[in-house]
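Peer 1: No letters, just coordinates:
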């Protein structure tokens, strides 16, 4: 089956610039949605400051830097300082947004997010670029286990937006959220999956598309777009499907998930993350604890460091493309 | 600062008395627990006496005020010294001191922000304090607040890479409202400093800081250091405090292993007596 990311895409087969996503052909996209939400938040919150660790250009904060240079700080390649300094700013009344790549935020600055920020309920919002396979730069730049790490920190809100609409909304509302936030960052040209005039991302609330049926996709982050495409595919084949999307992994909408699970025969959990500790793990925990036992298929990055390559190549190779999802689910349900 | 004037002599006498009271409170705590981080606490008593009872004004220890001089204690295990200060300030009762380290007591063996007023940060995961202070100083400067940010770190924390990330940022931002007090007592968990950290002042100078070095158990020198830090402009300031673990109790000063002190039950009276006998 041909992937929707076709060879006619000009960038197909080439590693993209850092964290640039490759929009699905024929679907609208928005440029730098994080930047747009951030600028709106900055207008509403004069106490908002932005920090980065030498990745301002690659985390879409250049507009903020231009508009509010006095509120922008670059600490250099120092992710521990990035998070510590943000915590200190919070202690004297600021809301500190900080940006770097997810690998560096999670692997290097973990203790500082946990203790300097979450332990003291600091008003720090970490926006972490290159989630999962979003970077073509291999294991060093692919944050494939960050959700597992971050989920295990008390007091921390953990989010993985689906598209440009949610990315912009989270950027805008984060300043008003209490405490510390870890949110995956979608940057550059990001697909618009949800209508910004009607869709509202809510912390801790899932979003259901469809009426239940034979297959229930449960997804977070960019995998939601693919699950919606897969749902359309199976609907057409006469296997009605529905999608439960959540942009929040912590706190998680357990009640919403259980209601959704009751409407479908089987569950397919899809995440741009390794299959342990992330969405699949929390879904299994939630179902098992509620006594719900349903056939469940995990679509996730395998337990290995991933090589360099274009997004289309990597997503397909590791089973995260719409085409590969459809293949696996078809085989699983015998359709 | 002229240390020979009558008022300075009175200041020194009152600070000496404060330092003694802080040391008594620490001994009371450690005695209740039977052990504790007494070496570091006794070594820092003189600095904390000058900081809290000379440098900081009453509004600075009203911990709800936004525009106050702030002090971040990065070494969480020095909590025994902070509890002594909070007892002197009346935040905690003298009767509570003996509960140090007991189950359910807010006087924990390490500082946990949120447990008591006056704990400005969660310490103990070492290497956090300087970066937090950099952020706080940056925030004060953004708002045009004149108050200073003080932070204590230890010589052992100079082994944490994060301290140097913070030093780098503080120097780059030119935060002259920031003062870092480095407790160089020469000990860490495994004994004498397992990785040398000197020359401390030269290292901070290389990161764009102004530096000063004093005997951290000499009240006159400490007063001079605070005056220097207050008046110095243009760059962040680092002051090396050479302190003696167990200071004020000779039998503890002589211990080789002073990181975490265990004292036999029958020895506590002698500790208390030595503390009083060496006062002055």
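Peer 2: That came in fine, so what should we check first? What you see is a predicted model, and the numbers here were worked out from it, not measured in a lab.

Peer 1: quick one: the strands in the stretch 101-250 of chain B?
Peer 2: Along the stretch 101-250 of chain B, counting by DSSP state E, counting those that start in this stretch, strands occupy B:149-154, B:178-184, B:187-188, B:191-192, B:210-215, B:237-242.

Peer 1: Can I get those strands in CSV including mean pLDDT, distance to chain A and mean neighbour count?
Peer 2: (Each C-beta comes from the backbone N, C-alpha and C, glycine too.) Putting the strands of the stretch 101-250 of chain B into CSV (pLDDT from 0 to 100; distance: least, C-beta to the nearest C-beta, whole Å; neighbours: other C-beta atoms under 10 Å in any protein chain shown) gives the following:
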stretch, mean pLDDT, distance to chain A, mean neighbour count
strand B:149-154, 98, 8, 28
strand B:178-184, 98, 10, 27
strand B:187-188, 93, 18, 20
strand B:191-192, 90, 24, 12
strand B:210-215, 98, 20, 19
strand B:237-242, 98, 16, 25
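
Peer 1: and those strands as JSON lines, adding distance to residue A:133?
Peer 2: Below are the strands of the stretch 101-250 of chain B laid out as JSON lines (distance: least, C-beta to C-beta, whole Å):
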{"stretch": "strand B:149-154", "distance to residue A:133": "40"}
{"stretch": "strand B:178-184", "distance to residue A:133": "41"}
{"stretch": "strand B:187-188", "distance to residue A:133": "42"}
{"stretch": "strand B:191-192", "distance to residue A:133": "47"}
{"stretch": "strand B:210-215", "distance to residue A:133": "47"}
{"stretch": "strand B:237-242", "distance to residue A:133": "44"}
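
Peer 1: so residue B:32 touches residue B:95, yeah?
Peer 2: No: in terms of C-beta atoms under 8 Å, residue B:32 does not count as a neighbour of residue B:95; the distance is 10.8 Å.

Peer 1: Who has more neighbours out of those two?
Peer 2: Counted by other C-beta atoms under 10 Å in any protein chain shown, residue B:32 and residue B:95 do not tie: residue B:32 has more neighbours, with 18 against 9.

Peer 1: What's the separation between the closest residue in space to residue A:159 that isn't next to it in sequence and chain B?
Peer 2: Spatial nearest neighbour of residue A:159, excluding adjacent residues (C-beta to C-beta, 6 or more residues apart in numbering or on different chains): residue A:183 at 4.3 Å. Distance of residue A:183 to chain B, computed by C-beta to the nearest C-beta, to the nearest Å: 20 Å.

Peer 1: ok, which residues in the stretch 151-280 of chain B are in contact with chain A?
Peer 2: Neighbours of chain A within the stretch 151-280 of chain B, by C-beta under 8 Å from any C-beta of the partner chain: B:161, B:162, B:165, B:166, B:168, B:169, B:172, B:173.

Peer 1: buried subset of those residues?
Peer 2: Buried positions within those, assessed by neighbour count (16 or more other C-beta atoms under 10 Å in any protein chain shown), are B:162, B:165, B:166, B:168, B:169, B:172, B:173.

Peer 1: Correct me if wrong: the last one contacts residue A:73.
Peer 2: Yes: under the criterion of C-beta under 8 Å, residue B:173 makes contact with residue A:73 at 7.4 Å.

Peer 1: shared neighbours of these two, anything?
Peer 2: residue B:138 (C-beta atoms under 8 Å, 6 or more residues apart in numbering or on different chains).

Peer 1: what's the burial count for the closest residue to residue A:318 other than its chain neighbours?
Peer 2: Excluding the flanking residues, the one nearest residue A:318 by C-beta to C-beta, 6+ apart is residue A:301, at 5.6 Å. Around residue A:301 there are 23 other residues, counting by other C-beta under 10 Å.

Peer 1: Now do the contacts for residue A:301.
Peer 2: Contacts for residue A:301 (C-beta under 8 Å, 6+ apart) come out as A:132, A:133, A:144, A:272, A:273, A:274, A:275, A:318, A:320.

Peer 1: can the residues you listed go into JSON lines with extra columns for distance to residue B:142 and neighbour count?
Peer 2: Converted to JSON lines, these look like this (distance: C-beta to C-beta, whole Å; neighbours: other C-beta atoms under 10 Å in any protein chain shown):
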{"residue": "A:132", "distance to residue B:142": "35", "neighbour count": "30"}
{"residue": "A:133", "distance to residue B:142": "38", "neighbour count": "22"}
{"residue": "A:144", "distance to residue B:142": "36", "neighbour count": "27"}
{"residue": "A:272", "distance to residue B:142": "36", "neighbour count": "29"}
{"residue": "A:273", "distance to residue B:142": "36", "neighbour count": "29"}
{"residue": "A:274", "distance to residue B:142": "40", "neighbour count": "21"}
{"residue": "A:275", "distance to residue B:142": "44", "neighbour count": "17"}
{"residue": "A:318", "distance to residue B:142": "44", "neighbour count": "20"}
{"residue": "A:320", "distance to residue B:142": "42", "neighbour count": "23"}
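
Peer 1: For residue B:280, give me the pLDDT.
Peer 2: For residue B:280, the model assigns a pLDDT of 62.

Peer 1: Ok, residue A:335 next?
Peer 2: At residue A:335, pLDDT is 82.

Peer 1: Tell me where chain A is predicted with low confidence.
Peer 2: A:1-25 (pLDDT under 70).

Peer 1: Quick check: residues of it near chain B?
Peer 2: Counting by C-beta under 8 Å from any C-beta, the residues of chain A close to chain B are A:49, A:70-71, A:73, A:75-76, A:78, A:80-81, A:83-94, A:96, A:111-112, A:115-116, A:119-121.

Peer 1: can you tell me which of those residues are in helices?
Peer 2: Among the residues of chain A next to chain B, DSSP state H puts A:80, A:81, A:83, A:84, A:85, A:86, A:87, A:88, A:89, A:90, A:91, A:111 in helices.

Peer 1: Which strands or helices does the longest strand seen in chain A pack on?
Peer 2: Counting residues, the longest strand found in chain A (DSSP state E) is strand A:264-274. Judged by 3 or more C-beta pairs under 8 Å, 6 or more residues apart in numbering or on different chains; DSSP states H and E, the packing partners of strand A:264-274 are helix A:146-151, strand A:213-219, helix A:223-236, helix A:279-289, strand A:296-301, helix A:322-333.

Peer 1: Adding distance to residue A:193, write those out as JSON lines.
Peer 2: Output for these, formatted as JSON lines (distance: least, C-beta to C-beta, whole Å):
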{"stretch": "helix A:146-151", "distance to residue A:193": "19"}
{"stretch": "strand A:213-219", "distance to residue A:193": "11"}
{"stretch": "helix A:223-236", "distance to residue A:193": "5"}
{"stretch": "helix A:279-289", "distance to residue A:193": "17"}
{"stretch": "strand A:296-301", "distance to residue A:193": "17"}
{"stretch": "helix A:322-333", "distance to residue A:193": "12"}
